[in-house]
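Engineer: Sharing a sequence plus its predicted fold:
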Amino acid sequence: MKTILTLSFLLLSISAFSQEQLTVFYFGATDCGPCNRPDVIESIDVIRTNFDSLHSEFETKLVMVTMDENMDEAIKYIQKYEYWDETSMGSRYHNELILAHLNKAEIPGVPHIMIFKDRFEDGGFGTQTIKNREFVKNIMGGDEIVAWANAEMKLD
């Protein structure tokens with residue numbers, strides 16, 4: 001019986017780790033005028049509220065990447081708008097952690113959204129490791145983000 005339970009747990013774990021996930025990276029800064037436009041902030045709220053249901057075949061994660069030099073201001077911004085599943089803070093465009101995570105993707109400006117489809121595998125000891133990351137969508141600029149959020153957030 002113990003063997004069957006262990007095998008069942010392993011199979012459930014493997015299936016959980018093989019999930020596909022859409023990771024939505026939002027690049028913004030507190031000193032960025034377009035990032036702080038009310039319609040852009042509203043669009044982020046729309047994305048947070050509706051993205052999951054529009055793409056229900058995937059798990060989703062919304063990641064805020066602050067491109068601020070002033071980390072105190074970045075923290076206030078993150079806390080003011082609690083839309084994020086994760087955050088990454090760096091100094092301006094020297095956010096080495098996130099840029100390495102995105103395979104040296106160039107971030108030409110903010111606000112900016114990049115969406116990736118991630119597939120995970122068991123990394124051992126109950127952890128997940130990204131097995132495959134596929135670039136899905138790039139939305140650059142406040143007007144483009146607002147238009148995309150108001151147009152059903154299509155991935156094509």
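Structural biologist: Received the coordinates, thanks.
Engineer: for the chain, what helix or strand is lowest in average pLDDT?
Structural biologist: helix 2-17 (a mean of 41; mean pLDDT, DSSP states H and E).
Engineer: For the helix or strand encompassing residue 145, give the mean pLDDT please.
Structural biologist: Per DSSP states H and E, residue 145 falls inside helix 142-150. Mean per-residue pLDDT for helix 142-150: 96.
Engineer: and that helix, what other elements does it pack with?
Structural biologist: Based on contacts counted as 3 or more C-beta pairs under 8 Å, 6 or more residues apart in numbering; DSSP states H and E, the elements that helix 142-150 packs against are helix 38-54. For the C-beta atoms, the positions are set from N, CA and C on the backbone; glycine is no exception.
Engineer: Tell me where the model's unsure across the protein.
Structural biologist: Scanning the chain for pLDDT under 70 picks out 1-18, 90-108.
Engineer: rewinding a little: next SSE downstream of the least confident helix or strand of the chain?
Structural biologist: Next along the chain after helix 2-17, taking DSSP H and E as the criterion, comes strand 20-28.
Engineer: In that next one, which residues are buried?
Structural biologist: Buried positions in strand 20-28, judged by neighbour count with 16 or more other C-beta atoms under 10 Å: 21, 22, 23, 24, 25, 26, 27, 28.
Engineer: For that strand, output the C-alpha coordinates as CSV.
Structural biologist: What follows is strand 20-28, C-alpha atoms only, in CSV (Å, rounded to 0.1, in the frame of the first residue of the first chain):
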residue,chain,number,x,y,z
GLU,A,20,2.7,25.0,-18.7
GLN,A,21,2.6,28.5,-17.3
LEU,A,22,2.3,31.9,-18.9
THR,A,23,4.7,34.3,-17.2
VAL,A,24,3.8,38.0,-17.8
PHE,A,25,6.7,40.3,-17.1
TYR,A,26,5.6,44.0,-16.6
PHE,A,27,8.6,46.4,-16.8
GLY,A,28,7.9,49.7,-15.2
